[in-house]
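Build me a model from this:
(2 chains)
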Number of protein chains: 2
Amino acid sequence: MTRIRFQQSLDDLKEKLLVMAGLAEQQIQRAIESYRVRDLSICDLVDRSEQAINRMERDIDQVALDLLAMEQPMAIDLRFILAVIKINSDIERVGDAAKSISDRVRTIESMGTIELPVDIPRMSALASDMVRRSLQAFIEANAELARSVLSMDDAVDSMNRAAHGALSALMAAESHHAPQALTALMICRSLERVADHATNIAEDVIFWVQGADVRHQGSVNAGQV
Amino acid sequence: MTRIRFQQSLDDLKEKLLVMAGLAEQQIQRAIESYRVRDLSICDLVDRSEQAINRMERDIDQVALDLLAMEQPMAIDLRFILAVIKINSDIERVGDAAKSISDRVRTIESMGTIELPVDIPRMSALASDMVRRSLQAFIEANAELARSVLSMDDAVDSMNRAAHGALSALMAAESHHAPQALTALMICRSLERVADHATNIAEDVIFWVQGADVRHQGSVNAGQV
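You can find the predicted model right below:
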């Protein structure tokens, strides 16, 4: 394979990953829309697209593996392909989170609607923004933008903690609403997980671009076993 | 690097991964022990070892990357190194799950002890058994053993669903116990996640040994977008 054709193969791989990522993002939006309007036909759509994402994940892994095996790339190209393999896995799990949310919507829909002390669409917007930014950083090979995603994770964590507190209090105070509150809480956990995957993607972008491993930086010089 | 030295490097990489995996398994045991006896000094130990696992993850990734970059391995060696990179990430997340459980034990300890309708040590024993088997399959390059792990995942899922049902019912019936029940439920979710990571590891072993991608097999021929 010539250098130009190899570069084209890398671009194709990136393109495949972005198509899959677009679908995963859309899945989160659909799942939250099904929550907002309690429309189970949207949940059916989430179920079907979940399987498409799984197929895309396998395909991308295979292409990445073939490129590694046949081209034996060095340095930055090698790091790029490894980043794709890792990001691929995170995007698939974003799809899993959308599916979990959609399953919870089916549960909560059967329980009757009550006012819950949690703004799930807002939390979802923030988590989705993190996913979008981490992918934008991947497209632009922009480590600076990737770093900005890392700092957003705390906001989602604190929204999740606030939701946890408010929903636990509701369960304790009005036990007949416990099932709805619990289901909403599980949706918040899934969104927190989406934010974690965006963080992983951002870290992989930084690793690719800078060759630096930024995971767990806070703990590098911390405690011993 | 000679073929013999390269093989030695692969063995060293495997050894590093197994040391880390042993620590992650121990972390789950410690976290569950801290739950069982409500001993927060064990939680402190979990916190410290978590950081050691994070360091090991970075180190293993770096060694794997160096081997890929310098040795440009082919076929089964390449698949082995990719499997190590993926298993590495799953083991680190088993460590994360132990840390989450330990954090929940701190919460639940402050609430006062009640009898909960869930056997967390039993669920943990099953999830840990899956992790151990998946690693044994990795040590032996045993795809058959890895497949046996995949079939165990359903048992953990069904224990988790049963726990979810019993704890939700408790919350609804005795709302003053809702905080404890909710915390126990979060511990069950973490254990279910441990089982998922064991499943991922088993799939990576099969991929390495057989070159077959077994992920999402149930859905290969299923629905369309």
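
By proximity to chain B, which residue of chain A wins?
Residue nearest to chain B within chain A (CB to the nearest CB): A:Ser175, separated by 3.3 Å. (Each C-beta comes from the backbone N, C-alpha and C, glycine too.)

How about that residue, nearest residue that isn't a chain neighbour?
B:Ser175 (3.3 Å; CB to CB, 6 or more residues apart in numbering or on different chains).

Backbone dihedrals for the one you found, please?
The phi and psi values for B:Ser175, taken as degrees, to the nearest 10, are phi -70, psi -20.

Am I right that it is in contact with A:Leu170?
No - counting by CB atoms under 8 Å, B:Ser175 stays clear of A:Leu170, with 9.6 Å between them.

ok so, going back, show me what contacts the residue of chain A closest to chain B?
By CB atoms under 8 Å, 6 or more residues apart in numbering or on different chains, the residues touching A:Ser175 are B:Met171, B:Ala172, B:Ala173, B:Glu174, B:Ser175, B:Ala178.

repeat that with 10 Å
The neighbours of A:Ser175, taking CB atoms under 10 Å, 6 or more residues apart in numbering or on different chains as the test, are A:Ala181, B:Leu170, B:Met171, B:Ala172, B:Ala173, B:Glu174, B:Ser175, B:His176, B:His177, B:Ala178.

on that earlier part again, overlap of the contact sets of B:Ser175 and A:Leu170?
Common neighbours of B:Ser175 and A:Leu170 (CB under 10 Å, 6+ apart) are A:His177, A:Ala178.

on that earlier part again, so the residue nearest to A:Ser175 versus A:Ala178, what's the distance?
Relative to A:Ala178, B:Ser175 is positioned 7 Å away (CB to CB, to the nearest Å).

Overlap in contacts, these two.
With CB under 10 Å, 6+ apart, B:Ser175 and A:Ala178 have common neighbours A:Leu170, A:Met171, A:Ala172, B:Ala181.

Give me the lowest-pLDDT entry from those.
Model confidence across these bottoms out at A:Ala172, which has 81.

For whichever strand or helix holds that residue, name the packing helices and strands.
A:Ala172 belongs to helix A:143-173 when assigned by DSSP states H and E. Helix A:143-173 sits against helix A:120-140, helix A:178-210, helix B:143-173, helix B:178-210, with contacts defined as 3 or more CB pairs under 10 Å, 6 or more residues apart in numbering or on different chains; DSSP states H and E.

mind putting those helices in a markdown table, distance to B:Asp96 and mean neighbour count included?
Listed next are these as a markdown table, based on distance: least, CB to CB, whole Å; neighbours: other CB atoms under 10 Å in any protein chain shown:
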| stretch | distance to B:Asp96 | mean neighbour count |
| --- | --- | --- |
| helix A:120-140 | 18 | 20 |
| helix A:178-210 | 9 | 24 |
| helix B:143-173 | 17 | 17 |
| helix B:178-210 | 9 | 24 |
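
any weak-confidence spans in chain A?
A:212-225 (pLDDT under 70).

is any part of stretch A:9-25 close to chain B?
Yes - counting by CB under 10 Å from any CB of the partner chain, chain B is contacted by stretch A:9-25 at A:Leu23.

Export only the CA atoms of that stretch, formatted as CSV.
C-alpha atoms of stretch A:9-25 as CSV (Å, rounded to 0.1, in the frame of the first residue of the first chain):
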residue,chain,number,x,y,z
SER,A,9,-7.4,4.2,4.7
LEU,A,10,-6.8,6.1,7.9
ASP,A,11,-9.2,8.8,6.7
ASP,A,12,-11.8,6.2,5.9
LEU,A,13,-11.5,4.7,9.3
LYS,A,14,-12.0,8.1,10.9
GLU,A,15,-15.0,8.6,8.7
LYS,A,16,-16.6,5.3,9.8
LEU,A,17,-16.0,6.1,13.4
LEU,A,18,-17.7,9.5,13.0
VAL,A,19,-20.7,8.0,11.3
MET,A,20,-21.1,5.6,14.2
ALA,A,21,-20.6,8.4,16.8
GLY,A,22,-23.3,10.5,15.1
LEU,A,23,-25.7,7.6,15.4
ALA,A,24,-24.7,7.1,19.1
GLU,A,25,-25.3,10.8,19.8
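
Can you mark which positions in it are buried?
Buried residues in stretch A:9-25, defined by neighbour count with 16 or more other CB atoms under 10 Å in any protein chain shown: A:Ser9, A:Leu10, A:Leu13, A:Lys14, A:Lys16, A:Leu17, A:Met20, A:Ala21, A:Leu23, A:Ala24, A:Glu25.

from those, which is closest to A:Ser102?
Distances from A:Ser102 to these, taken as CB to CB, are shortest for A:Ala24 (12.9 Å).

can you tell me which helix or strand the closest one belongs to?
Per DSSP H and E: helix A:3-37 holds A:Ala24.

Pull out the buried residues from the next helix-or-strand element following that helix.
Proceeding N to C from helix A:3-37, the next assigned helix or strand is helix A:40-71, under DSSP H and E. Of all the residues in helix A:40-71, those buried under the rule 16+ other CB under 10 Å are A:42-43, A:45-46, A:49-58, A:60-61, A:63-65, A:67-68, A:71.

so which of those are also by chain B?
A:45, A:49-55, A:57-58, A:61, A:64-65, A:68, A:71.

what's the farthest-apart pair in those?
Most distant of those, by CB to CB, are A:Leu45 and A:Glu71, 38.0 Å apart.

one step back: mind putting the contacts of A:Ser175 into JSON lines with distance to B:His164?
Output for those, formatted as JSON lines (distance: CB to CB, whole Å):
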{"residue": "A:Ala181", "distance to B:His164": "14"}
{"residue": "B:Leu170", "distance to B:His164": "11"}
{"residue": "B:Met171", "distance to B:His164": "11"}
{"residue": "B:Ala172", "distance to B:His164": "12"}
{"residue": "B:Ala173", "distance to B:His164": "15"}
{"residue": "B:Glu174", "distance to B:His164": "17"}
{"residue": "B:Ser175", "distance to B:His164": "17"}
{"residue": "B:His176", "distance to B:His164": "20"}
{"residue": "B:His177", "distance to B:His164": "16"}
{"residue": "B:Ala178", "distance to B:His164": "14"}
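
of all those, which comes closest to B:Ile120?
B:Leu170 (14.1 Å).
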